[in-house]
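> no sequence for this one, just the structure:
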């Protein structure tokens, strides 16, 4: 029986995907392509629905209807925040010095047994998530910026260099 890979996306990853941030676009598109092909499930917390809605609304980007369609996609698994998960997040926040919303994302990723949590949060911030990679959960949750093999696409519309 084939097991589909599961990764976690923090809200900031969805925001970069929705805003099509140039530096992340090829990687995020490659991940979504894998997910659409059924080889990957992108897991996130229901909290992400609120976080992305506020950000993109301020930027005048996707409407609520578009976001609702996105988060109902068959390749995205939205995990509800219930009392046991919130309690676990509180313990994680206290033990690891995380902000409550970051701790909710970490607790959800651990609860869903993902192979990696993708975020852009904390490469340089002391209280960010990336410095906590491998230090939370058993085994330690891998937390890093999105990375994925990106297929080079042949640019047929560009003239060949015949020099």
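In hand now; what should we look at? As the structure is a computational prediction, the values presented were derived from the model and not from experiment.
> part of a strand, is residue 43?
Yes: assignment of residue 43 by DSSP: H, G, I helix; E, B strand; the rest coil places it within a strand.
> Next, work out how far apart it and residue 110 are.
Distance check for residue 43 against residue 110: by CB to CB, to the nearest Å, it reads 11 Å. Every C-beta, even on glycine, is put in place using the N, C-alpha and C of the backbone.
> any shared contact partners between those two?
Shared contacts of residue 43 and residue 110 (CB atoms under 8 Å, 6 or more residues apart in numbering): none.
> secondary structure element for residue 84?
helix 83-96 (DSSP states H and E).
> what about that helix, distance to the chain center?
Its chain's C-alpha centre and that of helix 83-96 lie 19 Å apart, by CA atoms, centre = their mean, to the nearest Å.
> which is the next helix or strand following that helix?
Immediately after helix 83-96, counting by DSSP H and E, sits helix 100-111.
> now what about the helix or strand just after that following helix, what contacts it?
Where DSSP H and E defines the elements, the next helix or strand beyond helix 100-111 is strand 116-118. Applying CB under 8 Å, 6+ apart, the contact partners of strand 116-118 are 7-10, 13, 31, 105-106, 109, 129, 141-146.
> mind running it again at 6 Å?
7, 8, 9, 13, 109, 141, 142, 143, 146 (CB atoms under 6 Å, 6 or more residues apart in numbering).
> and the gap between residue 78 and residue 37?
20 Å.
> now residue 96
35 Å.
> What residues does residue 88 make contact with?
With CB under 6 Å, 6+ apart, residue 88 has these contacts: residue 107.
> can we see that at 8 Å?
107, 110, 111.
> And for the closest residue to residue 95 other than its chain neighbours, the neighbour number?
The spatially closest residue to residue 95, leaving aside those adjacent along the chain, is residue 136, at 8.0 Å (CB to CB, 6 or more residues apart in numbering). When neighbours are counted by other CB atoms under 10 Å, residue 136 registers 20.
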